[in-house]
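*Asks:* Using only what follows, build the 3D model:
(chains A and B)
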Amino acid sequence: MNNTLKQTPTTLWKCGKCGGELQRGSVKASYLGNDFVVEELKCLNCGLVLITEELALGKMFEVEQSLEDK
Amino acid sequence: MLLMDQDELKKQEAKCTQENPPACTASCPIHVDARKLMLDIQNQDLKSALATLQKKQPFPGIISRICDHPCEAECKRQEAGPAIAISALERFCVKNQTKIVKAGIVPPKSQTVAVVGSGLRGLTAAYDLAKKGYKVSLFEKADRLGGDLWNFSDAQLPPEVIVEELSVLNRLNVQIHLNTAITQQDLAKLQEEFNVVYLGLAAHSDEISELLGEQSWIDPVTCATPLPGIFSGAVVGNDSPIKSVADGRKAAVSIDRYLQGVSLTASREGEGPFETQLYVNTKGISPLPAVQMNDEPGGYTSEEAVQEAGRCLNCQCLECVKACKYMQEYGSYPKKYLRQIYNNDTIVMGMRHGNKMINSCSLCGQCAEICPQGLDLGETCKATRESMVSKGKMPPSAHDFALRDMAFSNSEEFAMSRHQPGHDSSQYVFFPGCQLSGSSPEQVEKVYAYLREKLSGGVALMLRCCGAPADWAGDQTLFQSSLEGMVAELESLGKPQLIVACSTCHSVFREKFKGVVSLWELMADLDLPVQGAVINGSILAVQDACTTRNEPIIQDAVRHILTKLGCKIEELPYNKERTKCCGFGGLTSFANPELAKKIIEDRISESTTDYVAYCAMCRDNFASKGKRTVHLLDLVFGTDLDKAAIRPSVGFSYRHENRAKLKRTLLHSLWKEAPQEKDVAYLTVNLELNERVLEIMEERRILIEDIQQVIELAERTGRKFINPDNGHSLAYFRPVKVTYWVEYQPQEQGFVVLNVYSHRMEIVEESHE
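*Replies:* Numbers count the residues shown, from 1 in each chain, chains lettered A, B, ... in the order given. Next up is the predicted model:
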């Protein structure tokens, strides 16, 4: 079962709502009163934004931690 | 404790003696760092050894050969064998390493100093002052420098060494006037010609009396004479070379201050020999004999020297650091930590790098117990957490999960108070606490039945959290409001006496609710249940809960119960008032899970014997790392001990479930109340979770409920991602402050959960619908 944890490559994900392909687009992110705009994969029709495990536990976590210590 | 200001910081810092010098250095009149010297010799780094000597000794080749070594009399090694042969080792160094490190010279100054006499006082003062850039002239009545130095035997102090060592004065541009005796008349001239005159002679000596006449009173602290600009030796006699050197150095300090126009007397307490405050624990150190020299006149060989230096205890305090994984984690000791914590708390702009350190302490109080001065670093950590919370600077990720767990325990899901069935008043109220209820709800039922049977006057039951997580997290507002909730509940029951199963609850309630009693105290006095486990003299090592540190009555009661049960007790090296936390205290496992793991590993490696704990968290934490540990209640109620010892720790989700189930079960079975089922759609979402996923959930602090909410929302709204290749779905939900992501696959009866993760940052979606 272990291999099931390896997440499917991100580009393979499609919007479950409209079936559309995901594309990079600007996304507003916010933490502890700090706002930024980042480029992430999203469904341009429905607005759903994909945050992958790698991003959530990697870069995003780092930024959260440093904002918490600011 | 109030938050640290500068004064409080200094007071706390002063309690930590680690930075105080070792006894050898403190007793040396010029504070040679003998401890470092011993390390240099052990490392066979004689260049560094010589530099260590030269840092304090003006002419190491001379001083190291003739020093009367008062250090050895104070050496702590004497508590386990003879003192380290520091003097012989110094001789070894200067005999085997002669290349002197060049003295650094500062830019020359215009002021002039006349030094009269070239014994050790005069030589030292001339050297020190020349190094500071003063123009020094040295007057010696004989035809060579050195005075009494020439009286040592050639074997001890070869003449060529004197000449070579003193040649440093030429390099420092000291003007040397040999065959120049100074009379009282000459002194007047010198006084006119030079800014300062130093008489490098023993105090009260005939020569001083001749030169100064009635003005021969000398200030023992500053070496100043009543005559302006004239300084003199303040130490009587010439029998201790190292005291003469220190005397010359003291004068040089005064002369430098005099010429700079600053106070001669301010902060000079540290000069000369003193008694160090450094605490050194020599308990358990095996005695070692001094290393003998094969060739006494030749001194130590390299091998012998390394061996003798190896006997040095490298005196340090570090008592608390030796005992505590947290102290070790940050590579330093409390004095340094206090400063870091203070700086972290007072920073205005910039990164607070100390946050994690402050939040990682288990606040268990072990350091205060072990420290000879009673320094409690946890107290400072806790006060600082409170300050961080009040300033809005507490990192939300540190304690958020633990506080939500507390909120759960104080919600309708778990919290309840009832009189004993069939009673409308209560003499007692049993408070099992949230962790025992989360870990072993069946034990709570058994204890409650036992108490109802043994005690009369009505035993009420109160389920909720004591509030410790809020206290540990530094959230005083939440903690106080939780306590107020407790007060209200107790009042509604008519203020019965509290019986607590958890030591943490006990420590929280001790001050607030008079008469609170530990379940163990009570059990020690009552008959134990008849179904007690068959123990037959097996040995168990007792893990004292850290929150009983100052509760010997509870610790003794536990041992009493164990003895009554026929159990043999093994005491762990750190027990009772010196016990170690299991990694849960102070919310360490939430703020720093990696450290909590190390704390557990450390504690369970103290003995190979099975452990018995009387705190559910201690038991679960140890069991989670494979240590066979039973809970005291497993023994009391006769559980299958082999099974109990290896029962895995209960995960966060199931702790919730156990608590909620306990309430429902008890309401149903004892009070015949129909429990209110929570009527929310997501609870009906069926999940299939394999072990690996459960492990990840535990590590990432994601609950079954969080996953159910994600899937319920995604399936209801269709807002999710799909992988057309394998049919996996990926969706998220953000109940409040954390966004949870779940990768899953629908199946007949529900959903197979494939992966979960979360982030705290919020993504603001622009809806296009």
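
*Asks:* Please identify the buried residues of stretch B:132-149?
*Replies:* Along stretch B:132-149, these residues count as buried under the neighbour rule (16 or more other CB atoms under 10 Å in any protein chain shown): B:132-140, B:144-147, B:149. (Each C-beta comes from the backbone N, C-alpha and C, glycine too.)

*Asks:* what do you get for stretch B:236-244?
*Replies:* Under the neighbour-count criterion of 16+ other CB under 10 Å, stretch B:236-244 has B:Asn238, B:Ser240, B:Pro241, B:Ile242, B:Lys243, B:Ser244 buried.

*Asks:* So for it, first residue to last residue, what's the gap.
*Replies:* This stretch, stretch B:236-244, spans 9 Å end to end (CA to CA, to the nearest Å).

*Asks:* repeat for stretch B:314-321
*Replies:* The straight-line separation of the ends of stretch B:314-321 (CA to CA) is 15 Å.

*Asks:* and what of stretch B:11-30?
*Replies:* Separation of the first and last residues of stretch B:11-30 by CA to CA is 28 Å.

*Asks:* what do you get for stretch B:558-571?
*Replies:* Distance between the two ends of stretch B:558-571: 12 Å, counting by CA to CA.

*Asks:* which ones are touching whichever residue of chain B sits closest to chain A?
*Replies:* For chain B, the nearest residue to chain A under the criterion CB to the nearest CB is B:Pro395, separated by 3.5 Å. Contact criterion CB atoms under 8 Å, 6 or more residues apart in numbering or on different chains gives A:Gln65, A:Glu68, A:Asp69, B:Asn355, B:Lys356, B:Asn359 as the residues in contact with B:Pro395.

*Asks:* got it, and B:Lys99?
*Replies:* B:Lys47, B:Leu50.

*Asks:* So it, which state does it fall into?
*Replies:* Using DSSP: H, G, I helix; E, B strand; the rest coil, the secondary structure recorded for B:Lys99 is coil.

*Asks:* what about it, distance to B:Ala309?
*Replies:* From B:Lys99 over to B:Ala309 the distance is 20 Å, taken as CB to CB, to the nearest Å.

*Asks:* low-scoring stretches of chain A, by residue?
*Replies:* In the predicted model of chain A, residues A:1-11 satisfy pLDDT under 70.

*Asks:* Now it against chain B: closest residue?
*Replies:* Using CB to the nearest CB, A:Glu68 is the residue of chain A that sits closest to chain B, at 3.5 Å.

*Asks:* Which pLDDT value goes with the closest residue to that residue other than its chain neighbours?
*Replies:* With CB to CB, 6 or more residues apart in numbering or on different chains as the criterion, A:Glu68 has its nearest non-adjacent residue at 3.5 Å, and that residue is B:Pro395. Confidence per residue is given as pLDDT, and for B:Pro395 that number is 96.

*Asks:* quick one, phi/psi of the nearest residue to B:Asn621 once chain neighbours are set aside?
*Replies:* Distance criterion CB to CB, 6+ apart; nearest residue to B:Asn621, sequence neighbours excluded, is B:Cys582 at 4.4 Å. The phi and psi values for B:Cys582, taken as degrees, to the nearest 10, are phi -90, psi 0.

*Asks:* dump the residue contacts of B:Cys582.
*Replies:* When contacts are counted by CB under 8 Å, 6+ apart, B:Cys582 is found next to B:Gln543, B:Ala545, B:Cys546, B:Ile599, B:Ile600, B:Arg603, B:Ala613, B:Cys615, B:Met617, B:Cys618, B:Asn621, B:Phe622.

*Asks:* let's see 7 Å
*Replies:* Listed by CB atoms under 7 Å, 6 or more residues apart in numbering or on different chains, the contact set of B:Cys582 reads B:Ile600, B:Arg603, B:Met617, B:Cys618, B:Asn621, B:Phe622.

*Asks:* One more: A:Ala56?
*Replies:* When contacts are taken as CB under 7 Å, 6+ apart, A:Ala56 is in contact with B:Trp741, B:Tyr757, B:Ser758, B:His759.
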